[in-house]
Each structure stands twice: as C-alpha cells, then as structure tokens.
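Enquirer: pasting the structure only:
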C-alpha cells in the first residue's frame, strides 16, 4: 500500500495546510484513525466557513432538498481492514444552500455504494453566486472486491461517480515509485 502517495494526494485535494500534510506523512499506520478524524474536521469546518448563512430575508426554517456531487475523490490501495473514507465536491447555484448530510448505503452483495446527499435550501433573497462545497464521507469497512459508487441523477437514473478497489491485506503492495512531484 502506498500510504504516502494516497495521503499526499488526498490532503492536497481537500486543501489541507502543508503543516498537516507534513505531520501525516511522518505518522505510522496506528495513527491513521486519528488523522482521518482530524482531516474530516478540517474539511467540514472549511466548507462550513465558506457556506455562510444566507443573506437577506431567508426564512428560519429551510427546506431539505437533494443535491448532486460534481466529483468524488477516492484514494487508492484500500485493504479490507481499512476504514474507507472518500471526499466529494459539489457546487450550489447560490448562497441559499447549506450542506446537511449524505446518506451512504453499501450493498456488499452487489458491490455497490449509493450516495444520497441533501442540503438545506433557504427561501428569500440570497446572493446569486455559485458556491463550492466539499465533504468527507465515511463509507466504513468494505469487503475485498471492487465497489462502484453511484448517486441518483437529476432525472432519477443512477449516475456512476467512481469505484473503490479493496484488496486482501495479505497481498503484497506495489512498491512506491516517485515521479518527483509532491502531491
């Protein structure tokens, strides 16, 4: 498992400060759960700060609406003894939206992960500017195999976002090959 490359690209994607990245790269396997939690808190806090409270005459009780992810980042080289987390990015059409939650349904038999993200939509006057949001999604423990990640599309059909390959922890990992770039 190429932990260094996976964490470097994961943290760069989530816009985590370089100090956190340097710390993660020096930690051993046993500290990964704690780092997962810290990264999740940082990404969710960063998103909450950018998704300010709607401006104007917004109602105090928002409506819960379905939203779409634009992209999902899936780190590589998961073992069946790893706790899987992925990062999802999306864009709100204006400042009337705030991320609420994402329901994750895993079918081990069908090797399928279904994501159902929702957001709060406030009515009233809101700044009409697209707002990006990022969320760390806790998928949990997966069995050996390749899982396909889906999300319901705007017209009700399933939209494939990516896949996760989970390996047997007993198989030898491919040695890391550096291309000289810090991810």
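Expert: Great, that's in hand. Because the structure is predicted, anything quoted here is derived from the model rather than measured. Residues are numbered from 1 along each chain as shown.
Enquirer: and the nearest residue to residue 67 once chain neighbours are set aside, what is it in contact with?
Expert: Of all residues not flanking residue 67 in the chain, residue 119 sits nearest, at 4.6 Å (C-beta to C-beta, 6 or more residues apart in numbering). (C-beta placed from N, C-alpha, C; glycine too.) Counting by C-beta atoms under 8 Å, 6 or more residues apart in numbering, residue 119 touches 64-65, 67, 92, 97-100.
Enquirer: Could you do residue 114 as well?
Expert: Applying C-beta under 8 Å, 6+ apart, the residues near residue 114 are 104-107, 150-152, 158.
Enquirer: Which of the contacts of residue 119 sits closest to residue 132?
Expert: The closest of the contacts of residue 119 to residue 132 turns out to be residue 92 (C-beta to C-beta; 7.8 Å).
Enquirer: can you give me the helices for this structure?
Expert: If DSSP state H is used as the criterion, the helices of the chain fall at 3-13, 18-26, 32-50.
Enquirer: Any regions of the protein where pLDDT drops low?
Expert: In the predicted model, the chain carries pLDDT under 70 at residues 1-60, 154, 171-183.
Enquirer: Let me see the ranges of the strands in it.
Expert: Using DSSP state E, the strands of the chain run over residues 63-66, 71-73, 78-79, 83-92, 97-107, 112-121, 131-141, 145-152, 158-167.
Enquirer: circling back to that earlier point, put the buried members of the contacts of residue 114 into a PyMOL selection.
Expert: In PyMOL syntax, the buried subset of the contacts of residue 114 is picked out as below (16 or more other C-beta atoms under 10 Å):
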select buried, resi 104+106+150+151
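Enquirer: quick revisit: if the residue nearest to residue 67 is in a bridge, with which residues?
Expert: residue 65, residue 99 (DSSP bridges).
Enquirer: Distance-wise, check it relative to residue 137.
Expert: 14 Å (C-beta to C-beta, to the nearest Å).
Enquirer: if I pick the nearest residue to residue 168 once chain neighbours are set aside, what's in contact with it?
Expert: With sequence-adjacent residues excluded and distances taken as C-beta to C-beta, 6+ apart, residue 168 is closest to residue 144, at 5.1 Å. The neighbours of residue 144, taking C-beta under 8 Å, 6+ apart as the test, are 80, 166-168.
Enquirer: what's the answer for residue 143, then?
Expert: 80, 108, 166.
Enquirer: so what's the backbone phi/psi at the first one?
Expert: Spelled out, it's residue 80. Main-chain dihedrals, residue 80, degrees, to the nearest 10: phi -70, psi -10.
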